[in-house]
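Student: Build me a model:
(chains A and B)
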Amino acid sequence: MSLTIATWNVNSIRIRLDHLARVVARCAPDVLCLQETKVTDDLFPTEALAGLGYPHQVRWGMKAYNGVAILSRRPLTDDGRQDWAGRADCRHVWATVDGGPGLGPIRVHSLYLPAGGDRPDPEANPKFAHKLRFLRAQARWWKAQRDQGPPAVLAGDFNVAPLESDVWSHARLRRVVTHTDVERDLLTRMMRAGGWEDAVCRLIPPPQPVFTWWSYRTPDGLTADKGRRLDHLWVSRGLAERVSDVTILKETRAWPTPSDHVPVVVTLA
DNA sequence: ATGGTAGACACTCTA
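Tutor: Numbers count the residues shown, from 1 in each chain, chains lettered A, B, ... in the order given. Got it, this is the predicted structure:
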């Protein structure tokens, strides 16, 4: 028995339904963690996604911005949601899925961390200050949650590229939001506090570069491979040895009218 | 220092 979990920032679930169908045809994940759904729950495409094989859904969205969801082929139980850094902006949901014999129940989190604006200065840029507050709060939360409840998966768009090999040029991006020292340090702290292990790094060891995002604004960004690894899938310690496959679906970025992020797909066996 | 593209929504925001 195995469980395949994907995480993908779709940049609008309604405009990405066709791509979602193609992703499902490609890798048939059991569980899909989505970010930037950009839709309120009453307008969420529940039926269309059930028709793709995902009748079990947890979604939490708002108008125009943010929004997260978990779609599953198998029943979801004990679902929850939480606000962070003093804002009600639909960035974190979770639910428990049965991984089957040998895996048992697994709590899956879909998380969308703030992008942080343009200037990496918390004094001058309130969005960056918010991002740092969010990261610190996450580290505190996961430290308290550590070793509680079932084995867990934390997946999503974290908007931080923590390793030097997570960006196309470490030297040129060190002062760019997503790859500054303070963000990289806080994400590492959050990971250690929760006892998380990076499932992708487990099978694709650094410094092998892995990118999951290519900016819309860089015309040659994809062909020149000027990417960053902003999307992550972490597993709690008990699951680290179960990571049996990792796939980054880079091809989706070259499809017509793509999301700027691509799916990260991890199989636990 | 600036502007580049995309999505939502209603003209400007966020990424």
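Student: Enumerate every residue touching A:Asn159.
Tutor: Counting by Cβ atoms under 8 Å, 6 or more residues apart in numbering, A:Asn159 makes contact with A:Leu113, A:Pro114, A:Ala115, A:Gly116, A:Lys131, A:Thr178, A:Leu230. Every C-beta, even on glycine, is put in place using the N, C-alpha and C of the backbone.
Student: for the closest residue to the fifth one other than its chain neighbours, phi and psi?
Tutor: Setting aside the residues directly before and after it, A:Lys131 is nearest to A:Gly116 in space (Cβ to Cβ, 6 or more residues apart in numbering), at 3.7 Å. For A:Gly116, the backbone dihedrals are phi 100, psi 10 (criterion: degrees, to the nearest 10).
Student: The contacts of A:Asn159: which ones sit near DNA strand B?
Tutor: On the criterion Cβ under 7 Å from any atom of the strand, A:Pro114, A:Ala115, A:Gly116 are the entries of the contacts of A:Asn159 that sit beside DNA strand B.
Student: Now do the phi/psi pair for the residue lying closest to A:Val24 once chain neighbours are set aside.
Tutor: Excluding its sequence neighbours, the residue lying closest to A:Val24 (Cβ to Cβ, 6+ apart) is A:Leu52, at 5.3 Å. Summarising the backbone geometry of A:Leu52 under the convention degrees, to the nearest 10, its torsions are phi -80, psi 0.
Student: Report the contact partners of A:Leu52.
Tutor: For A:Leu52, the contact set (Cβ under 8 Å, 6+ apart) comprises A:Leu20, A:Ala21, A:Val24.
Student: Buried residues of the helix or strand encompassing the last one, list them for me.
Tutor: In this structure, A:Val24 is located in helix A:17-27 according to DSSP states H and E. For helix A:17-27, the neighbour count (16 or more other Cβ atoms under 10 Å) marks A:Leu17, A:His19, A:Leu20, A:Val23, A:Val24 as buried.
Student: Got the confidence number for the last one?
Tutor: Think A:Val24. Looking at A:Val24, its pLDDT reads 98.
Student: That one contacts A:Gly51, doesn't it?
Tutor: No. Counting by Cβ atoms under 8 Å, A:Val24 stays clear of A:Gly51, with 10.5 Å between them.
Student: ok so, going back, and which of the ones next to DNA strand B among the contacts of A:Asn159 is nearest to DNA strand B?
Tutor: Proximity to DNA strand B was ranked across the ones next to DNA strand B among the contacts of A:Asn159 by Cβ to the nearest atom of the strand; first place goes to A:Ala115, at 3.5 Å.
Student: so how far is A:Asn9 from the closest residue to the closest one other than its chain neighbours?
Tutor: Distance criterion Cβ to Cβ, 6+ apart; nearest residue to A:Ala115, sequence neighbours excluded, is A:Asn159 at 5.0 Å. As for A:Asn159, its distance to A:Asn9 is 9 Å (criterion: Cβ to Cβ, to the nearest Å).
Student: shared neighbours, these two?
Tutor: Taking Cβ under 8 Å, 6+ apart as the contact definition, A:Asn159 and A:Asn9 share the neighbouring residues A:Leu230.
Student: residue contacts, the residue in the stretch 1-150 of chain A positioned nearest to DNA strand B?
Tutor: The nearest approach of the stretch 1-150 of chain A to DNA strand B comes at A:Ser12, 3.0 Å away (Cβ to the nearest atom of the strand). Shown here is A:Ser12, whose contacts under the criterion Cβ under 8 Å, 6+ apart are A:Glu36, A:Thr37, A:Lys38, A:Val39.
Student: Which of the helices or strands spans it?
Tutor: Using DSSP H and E, A:Ser12 falls within no helix or strand.
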